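Trainee: Predicted model and sequence follow; I will ask about them next.
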Amino acid sequence: MPASPTPLIVTRATRIAAPREALWQWHAALGAFERLVPPWQRVEVIHGGGALTAGSTVTLRLARGPFRVRWRLTHPSVEAGHGFSDEQITGPFAAWRHEHRFEDDGAASRLVDRISVRLPGGRLGKTLAGGVVRGMLEQLLRYRHAVTRDDLEQQARHPLAPMRIAITGASGLVGSALTPFLRVQGHEVIPISRRAIAGGIQWDPSAGQLDSARLEGLDAVIHLAGASIASGRWTVERKALLRESRIRPTSLLATRLAGLARPPRLLISASAVGAYGSRGDETLSEASTLGEDFLALLARDWEAAAEPARQAGIRVVHPRFGVVLSPRGGALAKLLTPFGLGLGGPVGSGSQWLAWIGIDDLLGVLHHLLASDQLAGPVNAVSPHALTNAEFGRTLGRVLGRPAVLPLPAPVLRLAFGEMADATLLASQRVDPTALGASGYRWRHPDLEGALRHLLGRQRPDP
């Protein structure tokens, strides 16, 4: 069947408060493609994706439900500093061309994207699927422009010279997003992993093994490793694993960093708002006392394990993560199916407070910690707008266009998850990001609805 006579064309232009050359360098950097893939899409680079040069190719694997499609693209033209294009060689469309242009706009710049696509099936294909495809492409460009703008403008507000940064837990939910985020800013990212990775540092915390020589001369270490808190009932064995996976690696890392001839200036060692315990309606800042339940004691000991680095003069920061929202994993990913089916609703009474943060703001917070020498010790990494569990459910339902009225009673949760239910799902933590606010951090998506629409590709059309 012949291709449609006229292509479907989608465009978007955004002013960026950064010079054109910075906009070009951001797109040309290693990791730019991964940084621009929306979190609601499942896209994997299986070949290419290196330097942005004319004639280079990249092969992607797209997944939607059980279906997998290979998409091979080439860059027919690259004009350093001004733009590039990509065209489909083989893939899901009858034809595809995406032009990326970077223009001067006074002291700022202008990002202009134009996608021209022909759908399979000619006129019939365009009639049946054109509206859906247009909506998908508009959401894609909206997301990409927001990420590009926010990353570059944050870098302009708090510039960082290129750094050598090692990351533990680089393959986890946060680490896998953090790596391309840092690379597009020109930083060298070195994973610390149990597996042998090219260019990485191998360690085995349970055996006390870590190649200290490879740590010499780093600028910063971001320590994210630790077993998932909410992956099953807390048996005696599971609780021992949760402690072992946090305290021993942190102690090993901090001790080795403290003994270096050229230690990093900064260790960012993750923690969690579980440190406060369940506190009802009390507003909690970094100055609040800690709780006494299992998670609170775990967080206390987890943070204390970094003490050798602190004693050696390394600036140590403990970002206390709230619930990290991303459709790629964690709590939000687990909620999408029931809420999408209209089966969501409040957990327990729904009155408990939920401290949350969108993944892009968490990346922004970590950048802020790298750039802000005045911050040390605990820092609440949460949105400035905590809300109740019932409000969270209603908002997620509204974004998905589904009702959210079916409650999940506390006794059922306790029966299913035991102690973990009270410490996580039913806990109330009204946490305020006091230190971040005082240090001038600017949230990208401070309200939940805006964060969810950004993360799920559910933005309202432009006026």
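Mentor: All right, it came through fine.

Trainee: Counting neighbours, what do you get for residue 365?
Mentor: Neighbour count for residue 365, taken as other C-beta atoms under 10 Å: 25. Backbone N, C-alpha and C define where each C-beta goes, glycine included.

Trainee: could you say which helix or strand contains it?
Mentor: helix 359-371 (DSSP states H and E).

Trainee: quick one: the strands in the stretch 151-300 of the chain?
Mentor: 164-168, 188-193, 201-204, 209-210, 220-223, 266-269, 271-272, 283-284 (DSSP state E, counting those that start in this stretch).

Trainee: how much distance is there from the helix or strand just after the helix holding residue 365 to the middle of the chain?
Mentor: As assigned by DSSP H and E, the chain's next helix or strand after helix 359-371 is strand 377-381. Distance of strand 377-381 from the chain centroid (C-alpha atoms, centre = their mean, to the nearest Å) equals 18 Å.

Trainee: ok, so what distance separates residue 20 from residue 110?
Mentor: Distance, residue 20 to residue 110, using C-beta to C-beta, to the nearest Å: 8 Å.

Trainee: Next: residue 30.
Mentor: Counting by C-beta to C-beta - residue 30 and residue 110 are separated by 24 Å.

Trainee: neighbours around the residue nearest to residue 251 when sequence neighbours are not counted, how many?
Mentor: Excluding its sequence neighbours, the residue lying closest to residue 251 (C-beta to C-beta, 6 or more residues apart in numbering) is residue 305, at 4.3 Å. Neighbourhood size, residue 305 [other C-beta under 10 Å]: 21.

Trainee: Could you do residue 219 as well?
Mentor: Counted by other C-beta under 10 Å, the residues lying close to residue 219 total 17.

Trainee: That one is in contact with residue 262, isn't it?
Mentor: No. If you go by C-beta atoms under 8 Å, residue 219 and residue 262 don't touch, sitting 10.2 Å apart.

Trainee: quick revisit: got a list of what the residue nearest to residue 251 touches?
Mentor: By C-beta atoms under 8 Å, 6 or more residues apart in numbering, residue 305 lies in contact with 246-248, 250-251, 254.

Trainee: circling back to that earlier point, now tabulate the strands of the stretch 151-300 of the chain in JSON lines and tack on distance to residue 372 and mean pLDDT.
Mentor: Formatted as JSON lines, the strands of the stretch 151-300 of the chain follow (distance: least, C-beta to C-beta, whole Å; pLDDT from 0 to 100):
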{"stretch": "strand 164-168", "distance to residue 372": "15", "mean pLDDT": "98"}
{"stretch": "strand 188-193", "distance to residue 372": "20", "mean pLDDT": "97"}
{"stretch": "strand 201-204", "distance to residue 372": "26", "mean pLDDT": "96"}
{"stretch": "strand 209-210", "distance to residue 372": "28", "mean pLDDT": "96"}
{"stretch": "strand 220-223", "distance to residue 372": "12", "mean pLDDT": "98"}
{"stretch": "strand 266-269", "distance to residue 372": "10", "mean pLDDT": "98"}
{"stretch": "strand 271-272", "distance to residue 372": "17", "mean pLDDT": "98"}
{"stretch": "strand 283-284", "distance to residue 372": "21", "mean pLDDT": "98"}
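
Trainee: Quick check: which of the ones you listed is nearest to residue 333?
Mentor: With C-beta to C-beta, the closest approach to residue 333 among these belongs to strand 271-272: 18.1 Å.

Trainee: Thank you kindly, that will do.
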